[in-house]
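Student: sequence-free structure coming up:
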């Protein structure tokens, strides 16, 4: 009998050892954190939000077995602003970040800002990022210089340069010759005219802005693996990188931030301005956009499978959201706002770039076996701004002193079935229809107020920006399509008290808001005007992997 007991104890010890040292930590002791962040994904694009032909089985399963967050708001209606809010917990205007950085800019997110990789590193976390960074492409601004242990990705949007695509047997239409604008100037003008980019950042003659690079960082070293990169093999590289990071970090708490390059539209030489690997071309009923989303879901499946194979699922919080709504001027190549169609606007372009619900309210969920009740939903207001303070709390790290944070710890909403939001008022910046500064909109409980409205990025014929005096008010829980305003340009009537509270909160917000400015980091060796873009080899004009299209 003693021998049998000894054997059982030994097998139990071996089983724990095989699962890795992380399994020996209590589930809530510095849990692993995975953040899925899909690019330009609309609220209506996923199976769990009702799309009839999308293939997103991994995301749908996680949402079903976790908590769907129906009121997650982006920190900005466009790329860089949204990512800066997620990484720092601070409004992008407070940081001085423009809505979008171009591919050859000389600055980035200020180096004195603490990003989440560095923050949780204080508690012994290992960290990796896969995908689109978009907070400055110079090496000093890249993730490996900001506290992340390793990085693989395109440092900005996948349309900010030309790329290759190895032909696939199941393609019905091959990659066409390069057509139209040879650089990113066409899209840049839309960002400038909509107030999301600086005119001084116009794409210059730097050849680093010509071809998309695939950048790898590890142990303080930065390498350009491909330029122009190959869209046909990118997803496999992303999946391999993410799963290897989990394997390497399994004995430590880790942060895996996954800002997908998918499903942002590409340059015009890719079919339907979208991309996916050979295994995912023409496999969905939703065209190339559907194929791209299915491939992103497959990358996520690899991550979840790896976590489960190592026995880490009860030690891992998984979050999912998007940086902003769909880029609607891109038509079928972009996503869907779903029911967030902003009926009162009178126009169709209410996605990316606007603060209508379609531009800033994102599909989202949280998944953590044993900590989050499966099959639950919350309508409480949360934001990308909340990621930094929430991850800090879970890691056991205090927020940096002397810094104003706009985000709030959303633990109550995530882990309590009846948890409440810490946001009494959540202000939304960007998409401005008024001259001057200030928020464009605010969520206050069940209400949403617009101080101004404007169409999404790229505009639309006959649509116009409007500045309200003082606001336009909706009951957004009863009317998520923003079809029936409760009050427009009035402070009297049945909602006078609500309006008064909102205007008082707006005045308080104005007093606490300091609009930041960016401070350019000193030039590093080899940098200077016309030489800030990522470049594999300037003697080859940054073209190290052959023709960008076939």
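Tutor: Cool, got the structure. Because the structure is predicted, anything quoted here is derived from the model rather than measured.
Student: The stretch 401-550 of the chain: helices as residue ranges?
Tutor: Secondary structure of the stretch 401-550 of the chain by DSSP state H, counting those that start in this stretch: the helices cover 411-415, 496-512.
Student: Not counting its own residues, what contacts the last one?
Tutor: Surrounding helix 496-512, the residues in contact under the criterion Cβ atoms under 8 Å, 6 or more residues apart in numbering are 404, 424-425, 427, 438-439, 442, 444, 447, 449, 451, 470-471, 473, 487, 490-491. Just so you know, the C-beta spots here come from the backbone N, C-alpha and C atoms, and that holds for glycine as well.
Student: The shortest one now?
Tutor: For helix 411-415, the surrounding residues in contact (Cβ under 8 Å, 6+ apart) are 67, 69, 317, 366, 368, 371-372, 378, 380, 382, 390, 393-394, 419-422.
Student: Pull out the buried positions in that helix.
Tutor: Within helix 411-415, the residues that count as buried by 16 or more other Cβ atoms under 10 Å are 411, 413, 414, 415.
Student: How about stretch 193-200?
Tutor: Applying 16+ other Cβ under 10 Å to stretch 193-200 flags 194, 196, 197, 198 as buried.
Student: cool, stretch 535-543 as well?
Tutor: 535, 536, 542, 543.
Student: for stretch 456-472, same thing?
Tutor: Buried-residue list, stretch 456-472, by 16+ other Cβ under 10 Å: 456, 457, 458, 459, 463, 465, 466, 467, 468, 470, 471, 472.
Student: Run the chain-centre distance for it.
Tutor: Centroid displacement of stretch 456-472 relative to its chain, using Cα atoms, centre = their mean, to the nearest Å, is 25 Å.
Student: and the end-to-end length of it?
Tutor: Stretch 456-472 has an end-to-end distance of 18 Å (criterion: Cα to Cα, to the nearest Å).
Student: Ok, stretch 95-108 next?
Tutor: Distance between the two ends of stretch 95-108: 10 Å, counting by Cα to Cα.
Student: and the closest residue to residue 516 other than its chain neighbours, how many neighbours?
Tutor: Using Cβ to Cβ, 6 or more residues apart in numbering and skipping residues adjacent in sequence, the residue nearest residue 516 is residue 96, 3.1 Å away. When counting by other Cβ atoms under 10 Å, one arrives at 17 neighbours for residue 96.
Student: Quick check: residue 96 touching residue 513?
Tutor: No - in terms of Cβ atoms under 8 Å, residue 96 does not count as a neighbour of residue 513; the distance is 11.9 Å.
Student: biggest separation within the buried residues of stretch 456-472, which pair?
Tutor: 458 and 470 (28.5 Å; Cβ to Cβ).
Student: residues in contact with residue 44?
Tutor: For residue 44, the contacting residues are 50, 51, 335, 336, 337, 338, 339, 340, by Cβ under 8 Å, 6+ apart.
Student: what about the first one, distance to residue 339?
Tutor: Distance, residue 50 to residue 339, using Cβ to Cβ, to the nearest Å: 8 Å.
Student: who touches the residue positioned nearest the centre of the chain in this structure?
Tutor: Centroid check for the chain by Cα atoms, centre = their mean gives residue 323 as the closest residue, at 3.4 Å. Contact analysis of residue 323 by Cβ under 8 Å, 6+ apart lists 37-40, 74, 76, 78-79, 82-83, 86, 259, 362, 384.
Student: Could you rerun that using 7 Å?
Tutor: Residue 323 is in contact with 37, 39, 74, 79, 82, 83, counting by Cβ atoms under 7 Å, 6 or more residues apart in numbering.
Student: which one among those gets closest to residue 214?
Tutor: Checking these one by one against residue 214 (Cβ to Cβ), the nearest turns out to be residue 39, at 15.8 Å.
Student: what's the neighbour count on that closest one?
Tutor: For residue 39, using other Cβ under 10 Å, the count is 26.
Student: Can you give me the distance of it to residue 117?
Tutor: The value you get for residue 39 to residue 117, if Cβ to Cβ is used, is 19 Å.
Student: now residue 443
Tutor: Separation of residue 443 from residue 117 (Cβ to Cβ) stands at 28 Å.
Student: now do residue 195
Tutor: For residue 195, the distance to residue 117 (Cβ to Cβ) stands at 30 Å.
Student: just residue 329 next, same as before
Tutor: Going from residue 329 to residue 117 by Cβ to Cβ gives 33 Å.
Student: cool, residue 141 as well?
Tutor: 13 Å.
Student: I figured residue 49 hits residue 339, correct?
Tutor: No - assessed by Cβ atoms under 7 Å, residue 49 is found out of contact with residue 339, at 9.0 Å.
Student: These two: who's more crowded?
Tutor: residue 49 (24 against 14).
Student: Now do that one, the pLDDT please.
Tutor: Predicted confidence (pLDDT) for residue 49: 97.
Student: mind checking the longest helix of the chain?
Tutor: Longest helix in the chain, counting residues (DSSP state H): helix 287-309.
Student: Show me what counts as buried in that helix.
Tutor: Across helix 287-309, burial judged by 16+ other Cβ under 10 Å covers 288-304, 306-307.
Student: what does stretch 327-335 give?
Tutor: For stretch 327-335, using 16+ other Cβ under 10 Å, the buried residues are 327, 328, 329, 330, 333, 334, 335.
Student: Give me the contacts around that stretch.
Tutor: By Cβ under 7 Å, 6+ apart, the residues outside stretch 327-335 that reach it are 40-42, 45, 263, 265, 272-274, 287-289, 326, 348-349, 351-352, 456-458.
Student: Can you lay out the buried residues of stretch 193-200 as CSV showing secondary structure?
Tutor: As requested, the buried residues of stretch 193-200 are arranged in CSV below (DSSP: H, G, I helix; E, B strand; the rest coil):
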residue, secondary structure
194, coil
196, coil
197, coil
198, coil
